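Chemist: after the sequence you'll find the predicted model.
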Amino acid sequence: MDSTTALFANAIVAGLLLGGFYAAMSVGVSISFGMLDVVNIAHPAFILLGSYIAYTMNDRLGLDPIAVSVVLSPLFFVLGAGLYRVYYLCFEQRGQESLRGLAFFFGILFITEVMLVLVFGVDYRMSKTAYADTTWRLDALDFPMRLVVPFLVSMLMVVGLQLFLSHTFFGRAVLAVAQDPLALRLMGVNPIRVKERAFALSIATAGVAGAFLIVIQPVQPAIGREYIGLVFAVCVLGGMGSIWGTLLGAFVLGLAESFTSTFFGPSWAPAVSFGLLLATLAFRPAGLLGR
Amino acid sequence: MSIKYLPCFIGRMLGALLVSLVLSGAALAQQPLRIGFGMSQTGALAGNGKAALISMEIWRDDVNARGGILGRKVEFVQYDDQTNPSTVPGLYTKLLDVDKVDLVVSGYGTAVIAPAMPLMMQRKLVFMSLFGLNVNSKFKYDRYFQIMPAGPDPAVDWTRGFFEAAATLNPKPQSVALVGADAEYPHLALEGAREHVKRLGLKLVYDKTYPPNTVDYSPIVRAIQATNPDLVYLASYPPDSAGMVRAASEVGLKTRMFGGGLVGPQFAALKTQLGPLLNGIINYEAYAPDVGAKFPFLDQFLAKYQARAAKEGVDPLGFYLPPYAYAMMQVLEQAIKGTGGLDQGKLAEYMHKNSFDTFVGKVSFASNGEWAQPRMMTVQYGGIAGNDVAQWKKSGLITVLYPNEYKTGTVRAPYHENRK
């Protein structure tokens, strides 16, 4: 493989691996924001919470952060269910979810951040795994395990979620609840319970994405803010409420970032990514796979 | 009141005035000396900011134990600047106009020092700053002072060690790649590096910056590798230092020298997290155990700092920023005592004309407020095994390449063969 071809092929691999990570970060927002109309701006805070829990188990007990996050995802599910209950009772039920609900999630974001500062301090933390410093090479192609392992687990999670939401009664109820809660009620389904569980599912994915984050890069309590724009951009680019769209949007942004960094200069990467988002919204306001 | 009582009345009034003047003078002496600053306690540089804050608090407690400055106890008024430059002007305006502090000093780092400069100049205040690189090159403010030992031509002196070490390679390097984060410090460091590229007649094959919140740095390293440079100079902040070092290892970067201006590996957190990945990397350090004998003044500080740092969960080594944060306050203390007050003009004049004994040695300032003599060392990491923090206190892991008076070895090149 000549050097230009190798550079091109590696840019594709790096973009896809990065896209896989972005998909894991964004799929929860796709459910809460895209399907449930809950503007959970605190989603990155739960990702960070997942990072720190995975870090603690890794640091104290030597457990693999990703395995820990999968095992502990039911805890995040319960946390998400509880949070939605509070949100519903305080805001949604009273029809005050738009502005006050947004302020509520901002508050959750900052409280979580401060809590993490108090418990873990402000230094950067990183997990230690056997595979993190290993790179698998195929001819001129590099596959850093630090990104490959999160990518594979992310694909399992995202595809699994899509299958779950499209092939189960609960999944179809989630899709229906954002469109017409009253119709759902007439079908004998409690829309609040459906939303509660779906929101809980979105928080559970944040916990797993948090483990990916701490495997990929060092984290500190305020790093979540850097991802607010990204996760919502992926969700909007892919199409609101579409899991496949989220996956596609994440790959598009990952590939755009990788190609721009490789061939044009990394400082252009955010401009190209968000330029793509704007162009997509201009021609397809509903996003790539949105309806 | 009859005229005959007038002298008595005036006498009483004068007496009362005298007593009130004496009392108010005594009260002023009792008023604390308030020093205000912003410091990063959250955000990307919070780990470093917190370590600096602890050092400054140790200084404050030491001074107050000695009875304060000019008979006044020292008090800090400080806010979290969130490592966010946009918070800085408002924060210092509040310190000056609402909190009415007597003096201000800077927070940690170029990014939060530069935004405070216009306000300092407008109010004609002495501004003692903590580890800002070449901030005064544009402002040219005569009341600006800087505690980092970067030297009178900061950007050029800062990057000199890397290029002087490169010049010792045989055969001479021909090409160089410059890369850094899109932030104040890397921009200024890269400016200095370009001067050396010109001076040494090197071919510049890559000169680009990246957004600080980049997740995957491997495409950047691959793009650099495609230009096949002899040297790669990197100016980065802690998260991207970690990202670039990891990416260089994953991609298998082949170059003769890599590093130069990475912020982060000076602190225990990144030293332990990156561990053996630092092998072969060239960087800057303010201290190395191999030349510990040349820094006898540091022991007094470390004895105070390390016990408290362990308790507070910040940088347990304290070789880099913390002693300079303490020294910054020592300079201010000696200047106030030397001038006998807080007159900003007199303080600035005194600081320009005198040298100061501190825990980082003797400090004297050049006309632009930078250290008169540079002292930052260019080093190469090697022989690191595992992620244990204690190994960094022993000699042998940090070879000093420059300046010559501290030199303990020569460059081990190429980088990729010394990475293991």
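Modeler: In hand now; what should we look at? Residues are numbered from 1 along each chain as shown, chains lettered A, B, ... in the order given.

Chemist: give me the phi and psi for residue B:361.
Modeler: phi 100, psi -170 (degrees, to the nearest 10).

Chemist: is residue B:341 in a helix, a strand, or coil?
Modeler: coil (DSSP: H, G, I helix; E, B strand; the rest coil).

Chemist: in contact with whichever residue of the stretch 101-250 of chain A sits closest to chain B, which residues?
Modeler: Nearest to chain B, among the residues of the stretch 101-250 of chain A, is residue A:122, at 3.5 Å (CB to the nearest CB). (Each C-beta comes from the backbone N, C-alpha and C, glycine too.) By CB atoms under 8 Å, 6 or more residues apart in numbering or on different chains, residue A:122 lies in contact with A:220-221, B:41-42, B:46-47, B:49-50, B:314.

Chemist: now do the SS call for it.
Modeler: Residue A:122 ends up coil, using three-state DSSP.

Chemist: ok, and the closest non-adjacent residue to the residue nearest the centre of chain B?
Modeler: With distances taken as CA atoms, centre = their mean, the residue of chain B nearest its centroid is residue B:131 (2.1 Å). Distances taken as CB to CB, 6 or more residues apart in numbering or on different chains put residue B:148 closest to residue B:131, at 4.5 Å, once the chain neighbours are dropped.

Chemist: the residue nearest to the centre of chain B contacts residue B:154, doesn't it?
Modeler: No. Using CB atoms under 8 Å, residue B:131 is not in contact with residue B:154, being 10.8 Å away.

Chemist: name the residues contacting each of these two.
Modeler: Applying CB under 8 Å, 6+ apart, one finds that residue B:131 and residue B:154 are jointly contacted by B:146, B:148.

Chemist: show me which residues of the stretch 151-300 of chain B are close to chain A?
Modeler: B:182, B:208-211, B:213-216, B:218-220, B:222-223, B:226, B:238-239, B:242-243, B:246, B:249-252, B:264, B:267, B:269-270, B:273, B:277 (CB under 8 Å from any CB of the partner chain).

Chemist: kindly apply the preceding question to the stretch 301-420 of chain B instead.
Modeler: Checking the stretch 301-420 of chain B against chain A by CB under 8 Å from any CB, the hits are B:313-315, B:387.

Chemist: let's go with 10 Å and repeat that
Modeler: Residues of the stretch 301-420 of chain B lying close to chain A by CB under 10 Å from any CB of the partner chain are B:312-315, B:387.

Chemist: nearest to residue A:249, of those?
Modeler: Residue A:249 has its nearest neighbour among those in residue B:387, at 36.9 Å by CB to CB.

Chemist: ramachandran angles for the closest one?
Modeler: phi -120, psi 30.

Chemist: how about it, what does it touch?
Modeler: A:126, A:128, B:271-277 (CB atoms under 10 Å, 6 or more residues apart in numbering or on different chains).

Chemist: can you check the pLDDT for residue B:104?
Modeler: pLDDT for residue B:104: 97.

Chemist: could you give the bridge partners of it?
Modeler: residue B:36 (DSSP bridges).

Chemist: how far away is it from chain A?
Modeler: 23 Å (CB to the nearest CB, to the nearest Å).

Chemist: would you list every one of the strands in chain B?
Modeler: For chain B, applying DSSP state E gives strands covering B:33-39, B:74-80, B:103-108, B:127-130, B:144-146, B:175-181, B:203-210, B:231-236, B:257-262, B:282-285, B:355-358, B:361-364, B:377-381, B:398-402.

Chemist: if anything else comes up later, I'll come back, but that's it for now.
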